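Chemist: Sharing a model prediction with you, sequence too.
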Amino acid sequence: MTSIRSRPRFKQVNPRSAEEIKNQISSKLKDNTQGIKGGVFSEHFHLEIIKKEQHFWSPHLNVTLEKTDEGTILRGKYGPNPTIWAIFAFSYSSLGISFLFTAMAGLVKLSLHQESQILWVLPVLSLFILGLYIASQTGQKLGVEQTFRIHHFLEESLETRIEIA
């Protein structure tokens, strides 16, 4: 989980039914001594660190359950708190759109042989994008210990090993 990916994920086929998996997770959450809380719903469940141990970069795991003939497919995705993820996604989008329109305006002026000093904004926007990326990677590293706790909790609950892709 120390890869360059911003949101590690996994996909695994489990021979148990979705109901059995949900029951295992629910019972493990009730007997929890590892500081993990979560919610179990009809087609998915989520796991996170308890409030008193959470910090800004604490991870969140969402797992969807898909019934198949072989059992149940578990698709999991680790990430920050959904609010934090939304802030980063909005920031990346805003910076990307700003970069695009600034580049278009500057290149149009340049092609018309006019002064295009607006192009000097592009390196600044690039630095902001790089800074945002570095902040997200730093946050992922700060939350890695808690990510491992959640992952081990899930593996213990399901009594199986789960490989992160």
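Modeler: Okay, I see it. Residues are numbered from 1 along each chain as shown.
Chemist: What is the longest helix anywhere in the chain packed up against?
Modeler: If you go by DSSP state H, the chain has its longest helix at helix 82-111. Helix 82-111 is packed against helix 121-142, with contacts defined by 3 or more C-beta pairs under 8 Å, 6 or more residues apart in numbering; DSSP states H and E. (C-beta placed from N, C-alpha, C; glycine too.)
Chemist: helix or strand right after the helix it packs on?
Modeler: Downstream of helix 121-142, the next assigned helix or strand under DSSP states H and E is helix 144-158.
Chemist: So for that following helix, mean pLDDT?
Modeler: Averaged over helix 144-158, pLDDT sits at 93.
Chemist: what's stretch 101-118 in contact with?
Modeler: Contacts with stretch 101-118, where a contact means C-beta atoms under 8 Å, 6 or more residues apart in numbering, come from 119, 121-122, 125.
Chemist: So the residue of the chain most remote from its centre, which state does it fall into?
Modeler: No residue in the chain sits farther from the centre than residue 113, which is 44.9 Å out by C-alpha atoms, centre = their mean. Look at residue 113: counting by DSSP: H, G, I helix; E, B strand; the rest coil, its state is coil.
Chemist: what do you get for the one 5 residues further on?
Modeler: For residue 118, the reduced secondary structure class is helix; criterion used: three-state DSSP.
Chemist: tally of neighbours for it?
Modeler: 17 (other C-beta atoms under 10 Å).
Chemist: Nearest residue to it in space, please, no chain neighbours.
Modeler: Distances taken as C-beta to C-beta, 6 or more residues apart in numbering place residue 106 nearest to residue 118, at 4.6 Å, with adjacent residues excluded.
Chemist: again, but for residue 143
Modeler: residue 57 (4.1 Å).
Chemist: Contact partners for the one you found?
Modeler: Contacts of residue 57 (C-beta under 8 Å, 6+ apart): 80, 84, 139-140, 142-143.
Chemist: And for residue 126?
Modeler: residue 99.
Chemist: Would you check that residue 49 makes contact with residue 149?
Modeler: Yes: contact criterion C-beta atoms under 8 Å: residue 49 and residue 149 qualify, at 7.2 Å.
Chemist: my read: residue 79 touches residue 7, true?
Modeler: Yes: Residue 79 lies in contact with residue 7 (C-beta under 8 Å); the separation is 4.4 Å.
Chemist: joint contacts of these two?
Modeler: Common neighbours of residue 79 and residue 7, counting by C-beta under 8 Å, 6+ apart, are residue 85.
Chemist: neighbour-wise, which of these two wins?
Modeler: residue 79 (19 against 14).
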